[in-house]
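J.: got a predicted structure here, sequence first:
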Amino acid sequence: MLLRRLPMLYTFCRKKPVPHIHLKSLAPFGSQQRVVSREKTEDLEVQDEEEEFPFSDVPRPGKRWERKPYPTPMKVLIQRAKEEKRKRQENPCRVLEHPPENGLLVPELEEVAHQVYNARELLLHGLSKLVNGDSAIPVKRCQFCSEVHIGHLDHQIRSCEGPKCGSRSSTHVWRRGGIRDVVGFPYCYHLYDRVGKPRVVHKERCGVPRLQAIVELCIQAGVDLENYPAKRRTKPVYSIEGRIVDFEQEAEEDSAAKTSVKPVSLSTEVISKLNTFEEDMDMGELGSRTLKSWLDMRSGAAKLMKTYSVITCGYCPEVQVGPKGHKVRMCKAARHQFRDGLHAWQEATIDDLIRPNYVWHVRDPNGPPLYNELKRYYGKAPAIVELCVQAGAPVPIEYRSMMRLDVVPPARDEYDLVA
């Protein structure tokens with residue numbers, strides 16, 4: 001009986017083809033076609049945005065005894081060095097034509113340098129309101145390690161690697177944090193003449209001032225500050241067998257420096273934005289403006305780093321802005337005994353210049369804390385992004401995959417049932 005019924009069940013369950021008349025009958029309804037077309041265009045826009053910012057995860061920290069990966073492959077660096085050596089041998093005495101190698105400023109990047117400096121001022125001003133204001137979002141830091149958490153409830157993820165973490169089962173001991181825990185700006189030595197004297201030796205370590213590397217990058221790109229003067233040339237320098245020679249007279253240099261140095265002043269647009277920060281504005285708008293200033297600062301600094309060299313140590317977080325690294329023996333990272341305390345300089349990235357300081361993403365600030373059993377389902381984000389998102393700013397597209405917004409974590413008593 002069952003064998004006889006199988007053909008009947010197959011014909012009954014098989015879907016009948018839709019006649020062509022029904023498809024034509026839907027043509028007069030233009031509103032439905034418009035809705036479908038709008039949905040298609042929105043889907044295409046979302047797909048374009050996702051393709052523009054592909055999937056990205058939190059970069060895993062390397063081991064302490066390993067060197068940082070090179071941003072540019074070693075073969076390309078060797079090829080560049082060979083080309084420079086060949087040009088030096090063909091023409092031992094030549095005038096350097098392209099800035100900033102010849103000591104002149106790049107005119108196209110002067111405005112970018114001022115925009116980066118102004119964005120930094122807006123960022124710090126907005127962070128002071130978000131961290132220390134009346135309705136501030138608490139920023140917490142572990143007492144024994146560099147872990148940072150943003151939120152009212154402490155997370156319970158056991159990831160502490162500080163001293164005596166075994167006796168505490170790797171749990172964090174939280175204390176109050178500040179702005180420096182949200183955004184990290186490494187310091188570097190200030191160079192008065194980045195072409196004529198690009199290095200700071202060990203004996204000069206106490207006489208040369210140090211400042212934030214992002215500010216030093218803006219100074220070398222065209223921003224003038226009173227406390228940190230810089231030499232501005234009007235004529236390109238010469239390269240004689242690889243050595244930089246400047247034929248300008250010292251008297252002309254001093255007079256030009258005195259007349260050309262003008263302290264930087266914030267633009268009227270930046271001053272108006274600072275005044276709006278002082279007013280009683282919504283936390284969401286404050287967070288979105290602070291996040292926008294941070295994104296603008298990073299994008300502008302990335303443009304400057306393509307022309308103005310920024311280098312970092314391959315084993316420690318030391319950064320130096322300029323064509324060469326300093327010779328101060330202050331490295332205490334792995335294998336520093338073989339280098340006599342000198343740094344192993346290499347090309348820096350934007351994360352070396354502006355440290356993002358990744359933290360765990362909290363989806364519901366008023367909900368339960370983050371549990372250690374469900375840490376594989378939680379995402380991470382830079383601390384400044386997490387702070388602004390909790391204040392009410394929209395999530396940037398480039399950090400959505402990193403924050404794992406499309407992952408639904410299970411309940412605490414169901415984590416062992418999920419594959």
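T.: Sure thing, it's come through.

J.: would you map the strands across the stretch 201-350 of the chain?
T.: 210-212, 238-240, 243-245, 310-313, 319-321, 345-347 (DSSP state E, counting those that start in this stretch).

J.: give the buried residues for stretch 364-378.
T.: Buried residues in stretch 364-378, counting neighbours by 16 or more other Cβ atoms under 10 Å, are found at 370-371, 374-375, 378. Heads up, the C-betas are built off the backbone N, CA and C, glycines and all.

J.: ok, which pair from these is furthest apart?
T.: 371 and 378 (9.0 Å; Cβ to Cβ).

J.: okay, and the common contacts of the two?
T.: By Cβ atoms under 8 Å, 6 or more residues apart in numbering, residue 371 and residue 378 have these common neighbours: residue 157.

J.: in TSV: the strands of the stretch 201-350 of the chain, plus distance to residue 175.
T.: TSV is the format used below for the strands of the stretch 201-350 of the chain (distance: least, Cβ to Cβ, whole Å):
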stretch	distance to residue 175
strand 210-212	24
strand 238-240	53
strand 243-245	49
strand 310-313	29
strand 319-321	27
strand 345-347	35
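
J.: residue 184 against residue 355, yeah?
T.: Yes - look at residue 184 against residue 355 with Cβ atoms under 8 Å: they come within range, at 3.4 Å.

J.: measure stretch 168-184 end to end?
T.: Across stretch 168-184, the terminal residues are separated by 28 Å (Cα to Cα, to the nearest Å).

J.: please compute how far that stretch lies from its chain's middle.
T.: 20 Å (Cα atoms, centre = their mean, to the nearest Å).

J.: also stretch 359-371?
T.: Put simply, stretch 359-371 sits 23 Å off its chain's centre (Cα atoms, centre = their mean).

J.: and stretch 119-127, by the same measure?
T.: Worked out by Cα atoms, centre = their mean, stretch 119-127 lies 15 Å from the chain centre.

J.: next: stretch 396-412.
T.: Per Cα atoms, centre = their mean, the centroid offset for stretch 396-412 relative to its chain is 20 Å.

J.: what sits up against that stretch?
T.: 49-50, 52-53, 55-58, 291, 295, 361, 363, 371, 373-374, 377-382, 385, 395, 417-418.

J.: what's the answer for stretch 158-175, then?
T.: 140-145, 147, 149, 154-157, 372, 375.

J.: how about a cut-off of 7 Å?
T.: Contact with stretch 158-175 is made by 140-145, 147, 149, 154, 372, as judged by Cβ atoms under 7 Å, 6 or more residues apart in numbering.

J.: could you say which helix or strand holds the residue nearest the centre of the chain?
T.: Most central in the chain under Cα atoms, centre = their mean is residue 351, positioned 4.7 Å from the mean C-alpha point. Assigned by DSSP states H and E, residue 351 belongs to helix 350-353.

J.: CA atoms only for that helix - export them in CSV, please.
T.: Presented in CSV, the C-alpha positions along helix 350-353 are these (Å, rounded to 0.1, in the frame of the first residue of the first chain):
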residue,chain,number,x,y,z
ILE,A,350,49.3,54.0,12.3
ASP,A,351,48.6,51.8,15.3
ASP,A,352,52.2,52.5,16.6
LEU,A,353,51.6,56.2,16.3
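
J.: packing partners for that helix?
T.: helix 283-305 (3 or more Cβ pairs under 7 Å, 6 or more residues apart in numbering; DSSP states H and E).

J.: the helix it packs on - what's its average pLDDT?
T.: Average pLDDT, helix 283-305: 94.
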